[in-house]
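Trainee: Below is the sequence, then the predicted model.
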Amino acid sequence: MASLQASNFFLSSSSNKIHAAISVPKLPLIRLSAPKLQPKITGDGFIKTIPIDRKVNETPLLQESSSLSNSMATLQQLYAISEAVADRVETHQNVGEQRDNWNTLLLNSINMMTLTATTMAGVASATGGDGGSGVGLKLASTVLFLSATGMLVLMNTIQPSQLVEEQRNATRLFKQLENQIKTLVAVGSPTQEDVNDAMEKVLALDKAYPLPLLGVMLEKFPETFQPAVWWPRNKSKRGNGEMKSNNNGWTKELEMEMKEVVEVIKKKDGEDYDRLGNKALKINKVLAKSGPLLTGFASALMVCSNNPWAATMAAVTGALASTVNTLEHGGQVGMVFEMYRNNAGFFKLVQELIESTLDESDLERRENGELFEMKVALQLGRSLSELRDLAKKSRYSRVEGSPIDEFASKLF
């Protein structure tokens, strides 16, 4: 009996040791969520369970994704336009350098030909034009005068100095547009409307400053002086001018100030550049017609008469033609005309910008009034206080009926 109890005790202690040896730590409780099952009785009597669908509201996420994709598409379009504008800057700059070379080379070549023909005519006049040498001098002088006439007609038609100024202005304006696009991308929230506006500005600049010479070249001798226009026309909404609670920096005083600035631009700056532009146009027309007429007349004198006095007159006419040609193209009268045309266009742009802004009925859609005032002041080369003083002077002069003695711009 005692041995049996000892045996049971030995077995129980061994079992406890085995259980202790194979014990494992408790694992953390993991809760698994499974879709709820919906019972469904089939036609054969069996029960079939079907998961219940949960409708997830993905509308805000989809809207955010769509807005992000639209924003990326807008940025890509603006970057594409910016790249095209940068290419145009480079193109206009290269073409401008090429046409500047044209002006220098054509001017030097025509003057050299004219002066050589004039010298030959003078020698023929001094020798009396007798013998083979006199005939040779007359023939060579006639050929040179005729060649100079043809080249002068071509040069006066295309006006290389004016073409150079056009390319300079186009380069500057395209750089300005490129910087505007970069600023819009950097600090703004561009929209599709901004993309369309940038496209319109690029096309307007292409039309205002064309690169080809044939077919689309700007008229170099228009009937009347017209300011350059390189911007698309603004479509503004006229309103009643009522101020709202959120006036976006605009006040009645600021609107009156902008209107007075427009009046000064119209009466002083615009009229002054219109007068100067018409003068430059008339001078350029006279010089452009005089040069070929003088060289052509000199060649006719050398051909049609054997009188030494005819050769003398041809020499004098050739010298005068060289002077006229140097004055026109060396003095770059065409460039001066284009500069006046561009400056007049600048004042017209400022005028239209102010008027279109004031015509906008919704003040929240306008550019901030304080920022707009600062931009106008900088464009006219004035401080804010000087711009306000100019508006006061304009108002007082209108009340008193006396003309204002100050221009709006201090730059041009």
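Mentor: Yep, it's here. All values derive from a computational prediction rather than experimental measurement. Numbering: from 1, shown residues only.
Trainee: Local confidence estimate at the nearest residue to Ala204 once chain neighbours are set aside?
Mentor: Distance criterion C-beta to C-beta, 6 or more residues apart in numbering; nearest residue to Ala204, sequence neighbours excluded, is Pro232 at 4.7 Å. Placement of C-beta: from N, CA and C, glycine included. What the model reports for Pro232 is a pLDDT of 90.
Trainee: show me the contacts for Pro232.
Mentor: Taking C-beta atoms under 8 Å, 6 or more residues apart in numbering as the definition of contact, the neighbours of Pro232 are 197, 200-201, 203-204.
Trainee: Secondary structure element for it, which one?
Mentor: Per DSSP states H and E: Pro232 is located in neither a helix nor a strand.
Trainee: Point out where the stretch 251-400 of the chain drops to low pLDDT.
Mentor: 305 (pLDDT under 70).
Trainee: oh sorry, the question was meant for the stretch 101-250 of the chain
Mentor: Under the criterion of pLDDT under 70, the regions of the stretch 101-250 of the chain flagged as low confidence span 128-133, 234-245.
Trainee: Inside strands: which ones of the contacts of Pro232?
Mentor: Cross-referencing the contacts of Pro232 against strands under DSSP state E gives no overlap.
Trainee: Looking at the residues you listed, state which has the most neighbours.
Mentor: Neighbour counts for those peak at Lys201, which has 21 neighbours (criterion: other C-beta atoms under 10 Å).
Trainee: roughly how far apart are that one and Arg275?
Mentor: Between Lys201 and Arg275 the computed distance is 30 Å (C-beta to C-beta, to the nearest Å).
Trainee: same check, this time on Asn246
Mentor: In this view, Asn246 and Arg275 are 44 Å apart by C-beta to C-beta.
Trainee: now the helices for the stretch 51-200 of the chain?
Mentor: Secondary structure of the stretch 51-200 of the chain by DSSP state H, counting those that start in this stretch: the helices cover 59-127, 131-158, 160-187, 192-208.
Trainee: So what angle separates the directions of the first one and helix 192-208?
Mentor: What it means is helix 59-127. Relative orientation of helix 59-127 versus helix 192-208 (axes from the mean of the first three to the mean of the last three C-alpha atoms, to 10 degrees): 10 degrees.
Trainee: In terms of secondary structure, what does helix 59-127 contact?
Mentor: Counting contacts by 3 or more C-beta pairs under 8 Å, 6 or more residues apart in numbering; DSSP states H and E, helix 59-127 packs against helix 131-158, helix 160-187, helix 192-208, helix 271-304, helix 308-325.
Trainee: What count of nearby residues applies to the residue nearest to Leu349 when sequence neighbours are not counted?
Mentor: Spatially, and ignoring its direct neighbours in sequence, Leu349 is nearest to Trp231 (5.9 Å; C-beta to C-beta, 6+ apart). A count of nearby residues for Trp231, using other C-beta under 10 Å, gives 18.
Trainee: which one is Glu257 nearest to, not counting chain neighbours?
Mentor: If you skip the residues right next to it in sequence, Glu257 has Ala391 as its closest partner in space, 4.2 Å away by C-beta to C-beta, 6+ apart.
Trainee: so can I have TSV of the helices of the stretch 51-200 of the chain showing distance to Arg395?
Mentor: TSV is the format used below for the helices of the stretch 51-200 of the chain (distance: least, C-beta to C-beta, whole Å):
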stretch	distance to Arg395
helix 59-127	40
helix 131-158	47
helix 160-187	32
helix 192-208	34
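Trainee: can you tell which of those helices is closest to Ala288?
Mentor: Between Ala288 and those, the shortest separation by C-beta to C-beta is 4.0 Å, and it involves helix 131-158.
Trainee: Point out the other helices and strands that that closest one packs with.
Mentor: Identification of packing neighbours for helix 131-158 by 3+ C-beta pairs under 8 Å, 6+ apart yields helix 59-127, helix 271-304, helix 308-325.
Trainee: Can you tell me which of these is most buried?
Mentor: A comparison of the helices and strands packed on helix 131-158 by mean neighbour count, using mean count of other C-beta atoms under 10 Å, puts helix 308-325 on top with a mean of 22.
Trainee: I'd like the distance from that one to the chain centre, please.
Mentor: A distance of 46 Å separates the C-alpha centroid of helix 308-325 from that of its chain, computed with C-alpha atoms, centre = their mean, to the nearest Å.
Trainee: report the angle between the axes of that helix and helix 271-304?
Mentor: Orientation note: helix 308-325 sits at an angle of 150 degrees relative to helix 271-304 (the same axes, to 10 degrees).
Trainee: on that earlier part again, so can I have TSV of the helices and strands packed on helix 131-158 showing distance to Phe145?
Mentor: Formatted as TSV, the entries for the helices and strands packed on helix 131-158 read as follows, by distance: least, C-beta to C-beta, whole Å:
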stretch	distance to Phe145
helix 59-127	5
helix 271-304	4
helix 308-325	7
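Trainee: Any idea which of these gets closest to Gly136?
Mentor: With respect to Gly136, and counting by C-beta to C-beta, the nearest of the helices and strands packed on helix 131-158 is helix 59-127 at 8.9 Å.
Trainee: between that closest one and helix 160-187, how big is the angle?
Mentor: Going by the same axes, to 10 degrees, helix 59-127 is angled at 160 degrees with respect to helix 160-187.
Trainee: and helix 59-127, how far from the chain's centre?
Mentor: Its chain's average C-alpha position is 13 Å from that of helix 59-127, according to C-alpha atoms, centre = their mean.
Trainee: which residues touch Thr142?
Mentor: Taking C-beta under 8 Å, 6+ apart as the definition, contacts of Thr142 comprise 117, 299, 302-303.
Trainee: what's the distance between it and Gly291?
Mentor: For Thr142, the distance to Gly291 under the criterion C-beta to C-beta works out to 17 Å.
Trainee: likewise Leu353?
Mentor: Per C-beta to C-beta, Leu353 is found 41 Å from Gly291.
Trainee: same check, this time on Asn196
Mentor: Here Asn196 is placed at a distance of 47 Å from Gly291 (C-beta to C-beta).
Trainee: Out of the helices and strands packed on helix 131-158, the one nearest Asn169 is which?
Mentor: Go through those one by one with C-beta to C-beta and the one that ends up closest to Asn169 is helix 59-127, at 8.9 Å.
Trainee: Now do the closest one against helix 131-158, angle only.
Mentor: Going by the same axes, to 10 degrees, helix 59-127 is angled at 160 degrees with respect to helix 131-158.
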